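Trainee: Have a look at this prediction, sequence included:
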Amino acid sequence: DPKIIQKPKYLVAVTGSEKILICEQYLGHNAMYWYRQSAKKPLEFMFSYSYQKLMDNQTASSRFQPQSSKKNHLDLQITALKPDDSATYFCASSQEGQGAYEQYFGPGTRLTVL
Amino acid sequence: GQQVQQSPASLVLQEGENAELQCNFSSTATQLQWFYQSPGGSLVSLLSNPSGTKHTGRLTSTTVTKERRSSLHISSSQTTDSGTYLCAIAKRSNYQLIWGSGTKLIIKP
């Protein structure tokens, strides 16, 4: 059974629209993260949450808003979508948010903005 | 400059040969993970090795923290090992993972 679920797997959106990417983890972890992988670029960190509180935000744009409704959920809302937002978005989790804990990754949501 | 550098950028081997991948990083790392990214894009953690040597199956990772380098050795490579291998470090300051650009490994039958 998958331990980190991301929905949907693929997503196509039009410029200017809004989408929500879903992430649920069943590892019993207390920290969750979002990373983005754009074409031909290294993966980049976006957000980290620990015990449902924002720990770190490296995303310059306020169009990206994480939402944590439950301890094991961390969704990502993206508003006013742009073609440059096209990327694969990975959700990850670790036992704790502070300390050298191994991070585990979901399968990703591939977003294409037309 | 890039904080995590991986080499080589690509590597082509015959099945059965051993592969040696390198990761050099410019900051003190409290965590270092090696990942495999399949051609389809999925990301799998292979090893967590901030220091010393770790083995799992045909994989061996050696990290020399003081020299800020890590290696991943794949023995007796198989065609199914083909994909991209990523190295990522976490710094003590914020524990976010910082990624290298990866080594694309192609194993020919």
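Mentor: Structure received. Because the structure is predicted, anything quoted here is derived from the model rather than measured. Numbering: from 1, shown residues only, chains lettered A, B, ... in the order given.
Trainee: Okay, now the unreliable bits of chain B?
Mentor: Scanning chain B for pLDDT under 70 picks out the ranges B:1, B:93.
Trainee: Repeat that for chain A.
Mentor: Scanning chain A for pLDDT under 70 picks out A:1, A:99.
Trainee: Where does the residue minimising distance to the centre of it sit: helix, strand or coil?
Mentor: In chain A, the centroid-proximal residue (C-alpha atoms, centre = their mean) is A:Trp34; its distance is 3.2 Å. Here A:Trp34 is strand, with the state taken from DSSP: H, G, I helix; E, B strand; the rest coil.
Trainee: Who is it paired with across the strands?
Mentor: A:Phe47, A:Cys91 (DSSP bridges).
Trainee: which residue packs closest to B:Ala73, ignoring adjacent ones?
Mentor: Not quite, residue B:73 is His, not Ala. Of all residues not flanking B:His73 in the chain, B:Thr60 sits nearest, at 4.4 Å (C-beta to C-beta, 6 or more residues apart in numbering or on different chains). From N, CA and C alone the C-beta is placed, and that goes for glycine too.
Trainee: My error: substitute A:Leu74 in the last question.
Mentor: A:Met32 (4.0 Å).
Trainee: So that neighbour sits against A:Tyr51, correct?
Mentor: No - if you go by C-beta atoms under 8 Å, A:Met32 and A:Tyr51 don't touch, sitting 9.9 Å apart.
Trainee: Which of the two has more residues huddled nearby?
Mentor: Set side by side, A:Met32 and A:Tyr51 show more neighbours around A:Met32, with 30 against 12, by other C-beta atoms under 10 Å in any protein chain shown.
Trainee: Contact partners for that one?
Mentor: By C-beta atoms under 8 Å, 6 or more residues apart in numbering or on different chains, the residues touching A:Met32 are A:Cys23, A:Gln25, A:Ser48, A:Tyr49, A:Ser68, A:Asn72, A:Leu74, A:Cys91, A:Ala92, A:Ser93.
Trainee: Could you check how far the fifth one is from A:Ser38?
Mentor: Spelled out, that is A:Ser68. 24 Å (C-beta to C-beta, to the nearest Å).
Trainee: same question, the third one
Mentor: Note on A:Ser48: its distance to A:Ser38, by C-beta to C-beta, is 19 Å.
Trainee: now B:Leu105
Mentor: Taking C-beta to C-beta, one finds B:Leu105 at 22 Å from A:Ser38.
Trainee: who's more crowded, these two?
Mentor: The neighbour count for B:Leu105 versus A:Ser38, taken as other C-beta under 10 Å, is higher for B:Leu105 (21 against 13).
Trainee: Test my guess that that one contacts B:Pro8.
Mentor: No - between B:Leu105 and B:Pro8 there is no contact under C-beta under 8 Å: 9.5 Å.
Trainee: Give me the common contacts of the two.
Mentor: Counting by C-beta under 8 Å, 6+ apart, the residues touching both B:Leu105 and B:Pro8 are B:Leu21.
Trainee: show me what contacts the closest residue to B:Lys91 other than its chain neighbours?
Mentor: Take B:Lys91 and drop its neighbours on the chain: the residue closest to it by C-beta to C-beta, 6+ apart is B:Ser27, 5.3 Å away. By C-beta under 8 Å, 6+ apart, the contact set of B:Ser27 is B:Gln3, B:Arg68, B:Ile89, B:Lys91, B:Ile98.
Trainee: again, only using 10 Å
Mentor: B:Gln3, B:Val4, B:Arg68, B:Ile89, B:Ala90, B:Lys91, B:Arg92, B:Ser93, B:Ile98 (C-beta atoms under 10 Å, 6 or more residues apart in numbering or on different chains).
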